[in-house]
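The following block contains a protein sequence and its predicted model.
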Amino acid sequence: MASLQDLTESIRRAVADGADLGTSFKLDLKGDGFIRIAGGQVSNDDGPADLTVRITANDLAALGKGELDPMRAMMTGRLKLSDMSLALSLQPKIQALFARAV
C-alpha cells in the first residue's frame, strides 16, 4: 500500500498534467487521511468538497489499475459517495485521475 504522502504526490502530478475534475473533490481514505482537490490544488486537508469518495488506499489502487469494478465496490460498501449524480457525471474524469495516480 502506498503512503498518504505518495498518493498525494501522485494525484498532485496527475492534476498538474491536466486531470483536474473542475470541481472540489475529496478522498476520505478511511482513517488513513484525506486527499482534497480544489481549484487545481491538492492537499491533505479535510475541508469541504462538492464530492467526497470514501475508500481505502488499497481499493483506490485497485480501482486505478482496473482490478476493482466501481459499481461492485459501491454495492459492497467498499466505495461510498457523498453525491451519486455528481459522481456519475464526473466518472470518466475520476477514472482518468485514479489511473494516472496509481
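Looks like it came in fine. Residues are numbered from 1 along each chain as shown.

Residue 36: what secondary structure?
Following DSSP: H, G, I helix; E, B strand; the rest coil, residue 36 is assigned to strand.

what's the closest residue to it other than its chain neighbours sitting at in phi/psi?
Closest residue in space to residue 36, ignoring its immediate chain neighbours: residue 26 at 4.5 Å, by Cβ to Cβ, 6 or more residues apart in numbering. The way it works is simple: take the backbone N, C-alpha and C, and place the C-beta from them, glycine included. Note on residue 26: its backbone torsions stand at phi -130, psi 130 [degrees, to the nearest 10].

Got the confidence number for residue 26?
Reported pLDDT at residue 26 in the predicted model: 95.

So which residue is smack in the middle of this structure?
Taking Cα atoms, centre = their mean as the criterion, residue 27 is the residue nearest the geometric centre of the chain, at 4.7 Å.

And for the residue lying closest to that residue once chain neighbours are set aside, the neighbour number?
Residue nearest to residue 27 in three dimensions, not counting chain neighbours: residue 35, with 4.4 Å by Cβ to Cβ, 6+ apart. Using other Cβ atoms under 10 Å, residue 35 has 24 other residues around it.

Quick one, grab the pLDDT at residue 51.
95.

buried sites along the top helix by length along the chain?
What stands out as the longest helix in the chain, according to DSSP state H, is helix 84-101. For helix 84-101, burial by neighbour count (16 or more other Cβ atoms under 10 Å) applies to 87, 90, 94, 97-98, 100-101.

So of these, which two are at opposite extremes in space?
Largest separation among the buried residues of helix 84-101 by Cβ to Cβ: 87 and 100, giving 18.0 Å.

The closest residue to residue 45 other than its chain neighbours pairs with what?
Excluding the flanking residues, the one nearest residue 45 by Cβ to Cβ, 6+ apart is residue 36, at 5.1 Å. Here residue 36 sits in beta bridges with residue 26, residue 43, going by DSSP bridges.
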